[in-house]
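> Got a predicted structure plus its sequence, pasted below:
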Amino acid sequence: MNDGPPQADDLLERIPPELRVARPLQLAPALTESELTARLLELASPNTHLDEALCFLGGGTWDHYVPAIVDEVAASVPPSVVTPDSPPPVLRTVFELGGMFSALTGLELSTAPFADGPSALAEAIRTAVRATGRSGAVLARTMNPRYRAIARALLSPPLTLQEAGYHGGVTRPSDVERLLSDGVACVVVEQPNFFGCFEDVAGLAEAAHRSGAQLVVKVDPIALGILAAPSATGADITVADAQPLGTRPLYGSESLGLLACRPGLAPALGGWRVERLGDAFAAVGTSAERVRADQLVRPAAYLAAVGAEGLARAATLSMDAAHAAQRAITTIEGLTLRFRAPYFKEFAVECDGDPEEVRQALLESNVLGALPLQAEYPEMENCVLFAATERRSRADIELLRHTLELLSDFRAGGDDLSLDADDA
């Protein structure tokens, strides 16, 4: 037996010789560090990022302002994994972030963060199942389609998941009530919903509670700056993705999921949490999640920096920007507001042309927007979703309007939809 270091041929022993490549690999010549850096920058140059493009996209991730202090705090924290055995300062941050989310939702019991919002939602449904002894859930179809898809992947089977339809962009309590039975553990709704519309959470809570089910509400944490706490409208469990609270939109998951519930649900709650014992902090439960400490501090630092007044201002400015953008867009021929229900910072628009062409033409003009909806909602064939946050100025909205107006003119004239940079 050879006790020396393994050779390259040793690693290939299990691969039959006739399947191995006998010739040298045809790789590009080696580069110096400076040459490699230049090459990587060249490869990255076609990418569009938010430092150079205007973002009117939403759909679950939003371009909210991140205070400089949030970046400073996050940069000072090592990217270690947060566990029940983490040092006391980390446990204290878990406790304080949970307390902030409890204060926003009005629900006293909060867990340690989850890897992302969909993971928190899946645990909320499991908690309702354990608490009620039932094995079904009714999900509003107005919820983010990715959340619904992930819930099905994680929970069904063994759980039975049904979907309630929508009318006018919102979920009607009467439609949910028709799906309820003594086997349904919870009703799950998003507030505001995927279309940006405000749901009748109180009415949905009444319908759920009459059948003995729990109400799970997935919230936009920024909206809690101006909305009543979910507990005040009947929510039993509330979850959120913390991305709007100090994390920029990124490819992949750089955020985390938050969960808070009524204290009576503690015996059914999975995951782990931190409790305060005098001046000390103790972890209760075990963790299967992988959350980094530098991710953990971002929403905590954001909420500490902006406070209740700053959160309300971010929500108000976002709502004002979205309504200004909607008014500007729908003055253009061929673009109409899809739903009349009150909305927060997102709205659906119906086009008289191909939504994908509109989206692509906007992208070529360095404007991100017009998320096509047909793939997830086949009945919305010509509809797109726009969003606006407190980062969008009047000048940004005017540029969006001007760009869409040029597209409309090009379509009316039978020209190509794409714009030159000088046109926009």
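Alright, I've got the coordinates. Numbering: from 1, shown residues only.

> where do the helices sit along the stretch 251-400 of the chain?
Applying DSSP state H, counting those that start in this stretch to the stretch 251-400 of the chain gives helices spanning 293-329, 355-364, 394-412.

> Nearest to residue 378, out of those?
Ranking those by their distance to residue 378 (criterion: C-beta to C-beta) puts helix 355-364 first, at 13.0 Å. C-beta here means a position set from N, CA and C on the backbone, and glycine is covered the same way.

> I'd like the average pLDDT over the helix or strand containing residue 205.
Residue 205 belongs to helix 201-210 when assigned by DSSP states H and E. Regarding helix 201-210, the rounded mean pLDDT is 98.

> shift numbering so it begins at 57
Sure thing, new numbering starts at 57, so read that last one as helix 257-266.

> In terms of secondary structure, what does the helix or strand following it contact?
For helix 257-266, the following helix or strand on the C-terminal side (DSSP H and E) is strand 270-275. For strand 270-275, the helices and strands in contact under the criterion 3 or more C-beta pairs under 8 Å, 6 or more residues apart in numbering; DSSP states H and E are helix 173-188, strand 240-247, helix 257-266, strand 293-297.

> Quickly compare the ones you listed and say which is most buried.
Comparing the helices and strands packed on strand 270-275 by mean neighbour count (mean count of other C-beta atoms under 10 Å), strand 293-297 ranks first with a mean of 30.

> Partner strands of that one and their direction?
strand 270-275 (parallel), strand 313-317 (antiparallel) (DSSP bridges).

> Might you list the low-confidence residue ranges for this structure?
Where the chain drops to pLDDT under 70, the residues are 57-61, 307-309, 466-480.

> Dead centre of it: give me the residue that sits there.
Nearest residue to the geometric centre of the chain (C-alpha atoms, centre = their mean): residue 116, 3.5 Å.

> I'd like to know how far that residue sits from residue 172.
Distance of residue 116 to residue 172, computed by C-beta to C-beta, to the nearest Å: 10 Å.

> overlap in contacts of the two?
Residues touching both residue 116 and residue 172 (C-beta atoms under 8 Å, 6 or more residues apart in numbering): residue 297.

> picking up where we left off before, highest mean neighbour count out of the strands paired with strand 293-297?
Of all those, strand 313-317 has the most neighbours on average by mean count of other C-beta under 10 Å, namely a mean of 28.

> quick one, that one and helix 173-188 angle?
20 degrees (axes from the mean of the first three to the mean of the last three C-alpha atoms, to 10 degrees).

> can you redo the helices and strands packed on strand 270-275 as TSV with distance to residue 454?
Listed next are the helices and strands packed on strand 270-275 as TSV, based on distance: least, C-beta to C-beta, whole Å:
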stretch	distance to residue 454
helix 173-188	33
strand 240-247	31
helix 257-266	35
strand 293-297	31
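
> Those: which one's closest to residue 435?
Here strand 240-247 is closest among the helices and strands packed on strand 270-275 (C-beta to C-beta), at 18.6 Å.

> Parallel or antiparallel, list what pairs with that closest one.
strand 192-196 (parallel), strand 270-275 (parallel).

> Now do that strand and helix 257-266, the angle between them.
Using the same axes, to 10 degrees: strand 240-247 against helix 257-266 is 180 degrees.

> Would you pull up how far strand 240-247 lies from the middle of the chain?
Computed by C-alpha atoms, centre = their mean, to the nearest Å, the chain-centroid distance of strand 240-247 equals 17 Å.

> Using PDB, write out every CA atom in that strand.
Provided in PDB are the C-alpha atoms of strand 240-247 (Å, rounded to 0.1, in the frame of the first residue of the first chain):
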ATOM      1  CA  VAL A 240     -57.000  22.700   7.100                       C
ATOM      2  CA  ALA A 241     -54.400  23.900   9.600                       C
ATOM      3  CA  CYS A 242     -53.900  27.400   8.300                       C
ATOM      4  CA  VAL A 243     -54.600  30.000   5.700                       C
ATOM      5  CA  VAL A 244     -51.600  31.700   4.200                       C
ATOM      6  CA  VAL A 245     -51.700  35.200   2.700                       C
ATOM      7  CA  GLU A 246     -49.200  37.800   1.700                       C
ATOM      8  CA  GLN A 247     -49.500  41.500   2.800                       C
END
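
> For the nearest residue to residue 152 once chain neighbours are set aside, grab the count of nearby residues.
Spatial nearest neighbour of residue 152, chain neighbours left out: residue 356 (5.9 Å); criterion: C-beta to C-beta, 6 or more residues apart in numbering. Residue 356 has 26 neighbours, counted by other C-beta atoms under 10 Å.

> Can you name the residues that contact residue 356?
Neighbours of residue 356 in contact, by C-beta under 8 Å, 6+ apart: 149, 152, 153, 156.

> rewinding a little: reformat the strands paired with strand 293-297 as JSON lines; add distance to residue 453.
Shown next, in JSON lines, are those (distance: least, C-beta to C-beta, whole Å):
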{"stretch": "strand 270-275", "distance to residue 453": "26"}
{"stretch": "strand 313-317", "distance to residue 453": "31"}
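
> Which among those strands is found nearest to residue 246?
Across the strands paired with strand 293-297, closest to residue 246 is strand 270-275 (C-beta to C-beta), at 4.6 Å.

> ok, back up a step: backbone phi and psi for the residue nearest to the centre of the chain, please?
Residue 116 adopts backbone torsions of phi 120, psi -20, taken as degrees, to the nearest 10.

> thinking it is in contact with residue 297, fair?
Yes - counting by C-beta atoms under 8 Å, residue 297 is a contact partner of residue 116 at 7.2 Å.

> shared neighbours of those two, which are they?
With C-beta under 8 Å, 6+ apart, residue 116 and residue 297 have common neighbours residue 173.

> Pairing partners for residue 424 in the sheet, please.
residue 111.

> ok, now which ones touch it?
104, 106, 109, 110, 111, 112, 113, 418.

> Next, format those residues as CSV and append neighbour count and distance to residue 183.
Formatted as CSV, the contacts of residue 424 follow (neighbours: other C-beta atoms under 10 Å; distance: C-beta to C-beta, whole Å):
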residue, neighbour count, distance to residue 183
104, 13, 40
106, 14, 36
109, 17, 40
110, 23, 40
111, 21, 34
112, 26, 36
113, 24, 32
418, 25, 41
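
> May I ask which two of the residues you listed are separated the most?
Checking those with C-beta to C-beta, the most distant pair is 106 and 418, at 14.4 Å.

> Let me know how buried residue 210 is, in neighbour terms.
With other C-beta under 10 Å as criterion, residue 210 counts 15.

> element containing residue 94?
helix 89-100.
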